[in-house]
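Q: Need the 3D shape of this:
(4 chains)
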Number of protein chains: 2
Amino acid sequence: MSNQQYIKVLIADDQQVFRKGLSALLNEMPGIELLGEAGNGAELIEKSLLLKPNVIVTDIKMPILDGVSATRELLKHIPACKVIALSAYANDQLILQMLESGAIGYLLKSAEAIEIKEAIEMVNLHKPYFCKEITQKLTEIVAKNYKLPDKSTASFTERELEIIRLICNEFTSKEIAGQLHLSKRTVEGHRTRILEKIGAKSIAGIITYALSVGIYKNNR
Amino acid sequence: MSNQQYIKVLIADDQQVFRKGLSALLNEMPGIELLGEAGNGAELIEKSLLLKPNVIVTDIKMPILDGVSATRELLKHIPACKVIALSAYANDQLILQMLESGAIGYLLKSAEAIEIKEAIEMVNLHKPYFCKEITQKLTEIVAKNYKLPDKSTASFTERELEIIRLICNEFTSKEIAGQLHLSKRTVEGHRTRILEKIGAKSIAGIITYALSVGIYKNNR
DNA sequence: AAATTATTGGGTGTTTTCACGGTATTTTAT
DNA sequence: ATAAAATACCGTGAAAACACCCAATAATTT
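A: As a prediction, the model looks like this:
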């Protein structure tokens, strides 16, 4: 029936040459219908609302309105649209911003035609697509935030970990003492040891340490 | 010179049929030398120490010692070894455990020969390799845990953000006052406002909040 | 022009944190 | 078996945090 034969694509990039190159490539691809081009984020939003593309391929750095902001904005109006972000290089902040904005694809500008096609087809099925470099970055980001709890946590006793978690949850020594059925002074003693071990001088240090190392989530 | 022509691979899986199938496939692949097979984690450790493989492809669920534990253990002794984990399905916990154990590759058991080969070659260069499904999961995990500064950060004034960052760095009100050339009382006033806005009752709340929404970055 | 918000500063007082002393029992490791 | 941790507990006191109250000036918005 209304099963769409072509994936309707809109592209955005401030560099005219790159834009022309990309549009030429996409025009040659079977199964893809290029709806148009935009030179900045504002134009992208405008044309998107008008043309209702299935997939948008957009540069991140653009004048007037960048790709991330444009994506965030236009997905409010046409959430069915799938966005692939393009960037010259893999940057942590950009990747995270992109994820947060709602884009589900990320390619480097060095990508080849076949990969771009693959990405378009993939995201059109609502499946994320990331090029190898981005995948690697994602791994690093996840590993950085999940790997740590090990060695560092090891130096604390169970009691100490328990108290650290409670401190992170805004409980005072007195409250912690009540919860654990201990004396207030005992809890203070433990906290002193914790401060020593961490090398912190206040609970601020305890918390930044605990969060950076991954204690806190009762995980294990 | 001692540039190795073959990637030496060791595999582990408790299902004999799968193991045989995998070893048959790997044996046919040019550039790969299959060193042997293991039926469980303990056996994997044993043979790894003996055979010193470049790459290990191991199932996660195995009797006696599972793949994650085995990986963690054997990487202590032969850290140069690259581990690819195999699993029947993509599970958040498994992926995180795998990352934490030190494996740098993750494939589903439904993977095809060409992908397995690609993964082996990739991890052998110390580059992570994840199949599409896992990449997708990684994306979800990252997206879930990175709620970037949004509505939350926007509600703070510049001064407040400045003070939040200093609080996160273990400075007292007096110290902050000194650094910003303000009165101690002014800083305390700002902090009170910050507590109100966040709905926290102590600096513990300020810090957990700040770290969770990503204020704090410029100082590391 | 008027209202709101940001930024600055103050007073008073309670609670909490933390440094500096300790002691005693239990559990774990060598 | 003996040493070493871990756990529990206490006193004192200074400094910090926090809870209330308050007001003046600058900047921004309406």
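
Q: Lowest mean pLDDT among the helices and strands of chain A, which one is it?
A: When each helix and strand of chain A is scored by mean pLDDT, DSSP states H and E, helix A:151-154 comes last, with a mean of 46.

Q: After that one, which helix or strand is next?
A: helix A:158-168 (DSSP states H and E).

Q: Need the contact partners of that next one.
A: The contact list for helix A:158-168 (CB atoms under 8 Å, 6 or more residues apart in numbering or on different chains) reads A:153, A:156, A:175-176, A:179-180, A:187, A:190-191, A:193-194, A:197, A:203, A:206-207, A:210-211, A:215-216, A:218, B:204, B:208. Glycine gets a C-beta too; all of them are placed from N, C-alpha and C.

Q: any low-confidence regions in chain A?
A: A:1-4, A:142-154, A:214-220 (pLDDT under 70).

Q: can you list the domain ranges for it.
A: In terms of domains, chain A is parsed into A:7-144, A:151-213 (source: automatic domain parsing).

Q: tell me the most buried of these?
A: Of all the domains of chain A, domain A:7-144 carries the top mean neighbour count, a mean of 19, counting by mean count of other CB atoms under 10 Å in any protein chain shown.

Q: Need the residues that contact the helix or strand containing A:Glu37.
A: When secondary structure is defined by DSSP H and E, A:Glu37 falls within strand A:32-38. For strand A:32-38, the surrounding residues in contact (CB under 8 Å, 6+ apart) are A:6-13, A:19, A:23, A:26-27, A:44, A:46-47, A:51, A:53, A:58, A:117, A:120.

Q: so what strands line up beside that strand?
A: strand A:7-12 (parallel) (DSSP bridges).

Q: Which is the succeeding secondary structure element to the strand it pairs with?
A: Downstream of strand A:7-12 (by DSSP H and E), the next one is helix A:16-28.

Q: helices or strands next to that following helix in the packing?
A: If you count contacts as 3 or more CB pairs under 8 Å, 6 or more residues apart in numbering or on different chains; DSSP states H and E, helix A:16-28 packs onto strand A:7-12, strand A:32-38, strand A:55-59, helix A:113-124.

Q: can you list those in TSV and add distance to DNA strand C?
A: Listed next are those as TSV, based on distance: least, CB to the nearest atom of the strand, whole Å:
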stretch	distance to DNA strand C
strand A:7-12	34
strand A:32-38	35
strand A:55-59	33
helix A:113-124	39
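
Q: JSON lines for these, including distance to B:Ser110?
A: Below are those laid out as JSON lines (distance: least, CB to CB, whole Å):
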{"stretch": "strand A:7-12", "distance to B:Ser110": "26"}
{"stretch": "strand A:32-38", "distance to B:Ser110": "28"}
{"stretch": "strand A:55-59", "distance to B:Ser110": "27"}
{"stretch": "helix A:113-124", "distance to B:Ser110": "17"}
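
Q: middle-most residue in chain A, spatially?
A: Chain A has A:Leu96 as the residue nearest its centroid, 2.9 Å off, counting by CA atoms, centre = their mean.

Q: Give me the secondary structure label for it.
A: Classification of A:Leu96 by DSSP: H, G, I helix; E, B strand; the rest coil places it in helix.

Q: Please tell me how far it sits from A:Ser87.
A: 12 Å (CB to CB, to the nearest Å).

Q: And for A:Ile7?
A: 22 Å.
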